[in-house]
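Enquirer: attaching a predicted model along with its sequence, questions to come.
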Amino acid sequence: MIWHTESHSAIAIHLKTDLQLGLSSLEASARLQAGGVNELTQEKHIGPLKIFIRQFNSVVIWVLLSATLVSSLLREYINAIAILAIVILNAIIGFMLEYRADRAITALKGMTTPQAKVIRDDHRQLIPASQIVPGDILCLESGDVVAADARLFKIASLKINEASLTGESLPVEKNIALCLKETPLADQLNMVFMGTAVVNGTGHAMVVATGMQTEMGHIATMLQKASSDETPLQKRLNQVAYRLLWACFAIILLIFGLGLWQSLPFFSLFTSAVGLAVAAIPEGLPAVVTVALAMGVQRMARRSVLVRHMSAVETLGCLQVICTDKTGTLTIGEMTARKLIAGGIIHTILGEGYDIAGNYLHDSREINANQNAVLQQVLRAAVACNEAELDEAHSSIFGDPTEIALLVAAAKAGIWKKEIEQEMPRVAELPFDSERKRMSVIRRKEDAYKLFIKGAPEAVLKRCSKILLPEGIEQISKASHIQIQQSCEWMAADGLRILAIAERLLPEGIDYSQVDDSIEVNLTLLGIVGMQDPPHPEAKRAVQQCKTAGIKAVMITGDHPATAQAIAQELGIFSPGDKIVTGSEIEKMTSKDLANIVNDITVYARVSPEHKIKIVEAWKQRETIVAMTGDGVNDAPALKAAAVGIAMGKTATDVTKEAADIIVTDNNFMSIVAGVEEGRTIYNNISKTLSYLLAGNAGELIVMFIAILVGWPLPLLVIQLLWINLITDGLPAIALATDASEPDILKRAPRPTKKPFMDKAFFQRVIFIGCLTSLVTLGTFAYYYLGYHDLTQARDSAFSVLVTAELLRAFGARSHEKTIWQVNIFSNLRLFFIVSVSFFLQVSIHHVSILQKVFGIKPVSLLECISWVVLGMIPLAIMELHKGIRNRRT
Ligand code: ATP
């Protein structure tokens with residue numbers, strides 16, 4: 001069947017569906033079984049076996065395996081088996097790490113899967129887009145991404161951006177007329193296609209093709225985005241790891257040459273060089289970074305922040321400005337109508353939230369709203385021009401909070417939407433959008449058509465020519481215009497959101513089913529409503545936290561400047577001396593003008609989404625890292641332009657979510673701050689883990705280098721080096737990489753963007769710590785080797801002291817700045833556990849006879865164990881002392 005040429009009823013019969021009731025869930029699941037899921041490409045999932053095999057695909061492993069081969073050729077079987085065992089153990093740890101990270105990332109992807117609205121079993125429901133089947137009835141709204149190819153059968157001002165499919169960047173206005181057979185895709189106006197975006201209006205469509213059968217499916221290769229999800233940090237670190245690998249090879253070659261020059265036996269030199277390669281090369285570095293990112297991102301998800309692009313994690317740590325919406329983010333987004341000006345009289349509305357209990361007062365006296373003709377007319381219009389739903393039994397509330405507040409206010413006067421719908425059926429609508437700042441609905445009562453409109457006072461008032469007064473409808477005089485504006489000002493200064501309500505009796509004999517905004521003229525102003533949306537209880541604290549974290553919070557709202565100022569002041573965003581700029585003022589400025597004053601502006605009012613992009617650009621001109629929140633479809637470009645685009649999960653459209661780097665699922669400003677905290681923590685964890693790992697590697701290299709230089713035998717055997725690598729590198733590193741946030745992480749300034757990840761201080765620290773551990777190790781070795789001429793004991797003790805020093809050092813590595821006393825040692829129990837178990841293992845291998853042979857060690861006494869701890873404590877103690885002295889100086 002050719003979908004665009006047939007009538008929708010013929011298509012419905014062909015697809016065995018019902019345009020009103022939709023499919024039954026039973027039928028839908030049968031079709032899903034038969035036709036498959038609605039997905040373009042099944043992402044190839046890497047199985048556990050592949051991850052395990054991948055562990056052997058590294059230079060280090062090949063070096064080690066060749067060492068095993070050489071050892072067995074030289075009949076050093078125990079050595080060969082031991083090396084092999086350690087290679088396998090290493091692979092298992094690597095596998096566990098990667099598998100865990102992989103699962104964490106898959107779980108996160110699942111959290112952001114797209115959803116679609118369909119009618120099934122006679123009611124509207126939200127289902128995962130992948131579950132859509134042919135015959136489903138799609139309900140489309142502005143901001144939705146179309147989930148499958150579908151034939152339209154009911155629309156209201158539906159406009160679709162089909163750029164992703166046809167390349168045409170201007171939105172296409174859809175209709176439901178039949179098309180000719182040869183109509184090209186771009187002109188098939190009665191069809192909608194998967195992956196395109198609804199930018200305006202609403203529509204109902206019947207799904208005709210899903211998954212690879214869709215037009216998108218046919219050109220699916222176009223969608224194979226090549227972008228890898230590696231963050232810039234990961235990319236840089238991979239480069240560093242690569243460079244370090246070659247540097248290590250060079251040093252090892254040098255040690256090897258020195259050893260030969262010192263006439264050390266070739267075989268032991270070879271195996272030690274191999275061991276050193278394994279110990280020194282930070283091959284686990286990329287895995288540790290992935291784990292730190294994946295775990296951190298999971299922690300963020302628990303705090304209502306979903307990360308869509310991993311690179312955002314890094315940018316969050318440098319964030320200097322957060323531009324945030326007001327409604328629902330800084331405020332609770334639950335509106336309550338408090339004031340109603342009608343017929344020149346100010347009424348106070350009592351009651352809280354969405355509870356319909358509450359009366360109308362005038363001059364502190366209760367009035368009977370059910371009998372007041374003027375009040376009834378305003379409230380009926382507010383309900384007639386309303387998309388929200390409020391069930392009489394109060395069991396279901398649905399829709400935009402501004403509109404719900406109006407339904408609640410009307411219910412307090414005995415007016416219900418259901419009755420209005422029956423009395424005056426809806427004919428057409430001009431939907432609300434934050435650019436128009438108003439919406440209209442046309443209804444028919446018998447043969448008459450009426451337009452009801454509500455919106456921001458300045459958007460409605462200029463279209464009014466008359467006003468409703470107790471004595472009847474009169475022309476608006478200049479004086480009453482000024483009076484209305486003044487009333488709006490004082491309500492706004494009280495922090496109330498204001499809305500004007502008007503209506504118009506339309507001329508007869510015209511088809512009103514397709515209208516444009518030229519009809520919104522000659523209106524009669526009925527009244528002005530003031531509604532309260534209290535600040536979110538946590539928002540004030542979050543704004544304060546931003547301040548201490550060196551981040552500027554900026555409010556961007558479509559609301560009236562006075563309303564915005566009142567709320568911003570209450571939250572601590574606006575202080576005397578700050579500037580408030582409106583959307584129309586932004587329009588008059590060049591981006592340079594705006595960049596000059598952007599630092600002084602804390603509130604933007606009456607702003608439309610296109611102004612947001614100008615604000616982002618202004619900050620960018622000042623080289624400032626800025627985050628921008630948004631939920632509407634028009635916010636998407638600003639979100640894309642910002643360093644971190646934040647979509648508000650509860651209200652954001654699919655298009656906005658796709659443009660965002662992170663999604664805040666509870667819309668709460670506090671969660672954005674939590675995201676910043678976690679972002680900083682992840683970066684911090686990666687930095688400290690890395691310096692821990694590299695300092696360990698440096699220590700081992702220095703030990704071997706100095707020993708060879710002064711002509712001593714090698715202080716550590718290859719198998720000992722491999723063991724050190726196994727128990728001191730992998731597990732403590734994981735515990736460090738997943739450390740909780742440092743309590744004062746939000747008291748520091750944002751990290752400068754230009755600061756390199758591994759700066760001079762980083763390398764100084766690595767070398768300093770490496771020298772400390774190598775000194776105690778070499779000292780121990782020298783004590784037994786030079787003092788008692790006992791090489792085995794010297795190696796054994798040096799080995800154990802080095803392991804103990806490395807393990808203890810992990811506690812100090814938890815903070816670059818704070819001493820071990822300032823960071824509660826028990827606040828990372830995982831690290832405590834890992835260090836204890838690793839130390840226990842170190843002692844245990846001394847008491848298993850086969851391992852004694854493998855490692856060249858012998859049983860130890862309690863006193864010896866204590867001596868390891870005491871000696872191992874020295875590098876940690878010096879490190880902490882150094883931190884303490886430095887802290888005291890600064
Ligand atoms: P933000 O979420 O950015 O703080 P906002 O929700 O305050 O913005 P908009 O939704 O753009 O801003 O609304 C701007 C103005 O439009 C409001 O101040 C109000 O006067 C009017 N308005 C809001 N919602 C509706 C609606 N559903 N119908 C008609 N007018 C509305």
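Expert: Nice, I can see it.

Enquirer: biggest helix in the chain, by residue count?
Expert: helix 669-709 (DSSP state H).

Enquirer: what's around the closest residue to the ligand within the stretch 1-150 of the chain, how many residues?
Expert: Using Cβ to the nearest ligand atom, residue 142 is the residue of the stretch 1-150 of the chain that sits closest to the ligand, at 12.6 Å. C-betas here are computed from N, CA, C, even on glycine. A count of neighbours around residue 142, defined by other Cβ atoms under 10 Å, yields 22.

Enquirer: test my guess that residue 742 contacts residue 681.
Expert: Yes. Counting by Cβ atoms under 8 Å, residue 742 does reach residue 681; the two are 7.3 Å apart.

Enquirer: ok so, going back, for the residue of the stretch 1-150 of the chain closest to the ligand, what are its contacts?
Expert: The neighbourhood of residue 142, defined by Cβ atoms under 8 Å, 6 or more residues apart in numbering, consists of 198-202, 431, 433, 633, 653.

Enquirer: restricting to C-alpha, output the very next helix or strand once past the longest helix of the chain in PDB.
Expert: Next in sequence after helix 669-709, counting helices and strands by DSSP states H and E, comes helix 718-724. The C-alpha trace of helix 718-724 is given here as PDB (Å, rounded to 0.1, in the frame of the first residue of the first chain):
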ATOM      1  CA  VAL A 718      60.700 -10.300  38.200                       C
ATOM      2  CA  ILE A 719      58.000 -12.300  40.000                       C
ATOM      3  CA  GLN A 720      58.200  -9.900  42.900                       C
ATOM      4  CA  LEU A 721      57.700  -7.000  40.600                       C
ATOM      5  CA  LEU A 722      54.700  -8.700  39.000                       C
ATOM      6  CA  TRP A 723      53.200  -9.300  42.400                       C
ATOM      7  CA  ILE A 724      53.700  -5.700  43.500                       C
END
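
Enquirer: tell me what helix 718-724 is packed against?
Expert: Under the contact criterion of 3 or more Cβ pairs under 8 Å, 6 or more residues apart in numbering; DSSP states H and E, helix 718-724 touches helix 77-111, helix 266-280, helix 669-709, helix 791-812, helix 849-855.

Enquirer: quick one: average pLDDT of that helix?
Expert: Averaging pLDDT along helix 718-724 yields 83.

Enquirer: ok, residue 331 - contacts?
Expert: Contact partners of residue 331, counting by Cβ under 8 Å, 6+ apart, are 533-536, 539, 567.

Enquirer: what parts of the stretch 351-500 of the chain come near the ligand?
Expert: 400, 402-403, 432, 434, 437-439, 454-456, 497-499 (Cβ under 6 Å from any ligand atom).

Enquirer: repeat that for the chain.
Expert: 325-327, 400, 402-403, 432, 434, 437-439, 454-456, 497-499, 556-559.

Enquirer: same thing but at 5 Å, please
Expert: 325-327, 400, 402-403, 432, 434, 437, 439, 454-456, 499, 557-559 (Cβ under 5 Å from any ligand atom).

Enquirer: filter those residues down to the ones in helices?
Expert: Of these, the ones assigned to helices by DSSP H are 402-403.

Enquirer: tell me how far stretch 674-688 lies from the chain's centre.
Expert: Computed by Cα atoms, centre = their mean, to the nearest Å, the separation of stretch 674-688 from the middle of its chain amounts to 14 Å.

Enquirer: ah, wrong one, I meant stretch 811-822
Expert: Worked out by Cα atoms, centre = their mean, stretch 811-822 lies 29 Å from the chain centre.

Enquirer: contacts for it, please.
Expert: 687-689, 691-692, 695, 736, 739, 742, 765, 823, 825, 828, 831, 835, 876, 879-880, 883-884, 887.
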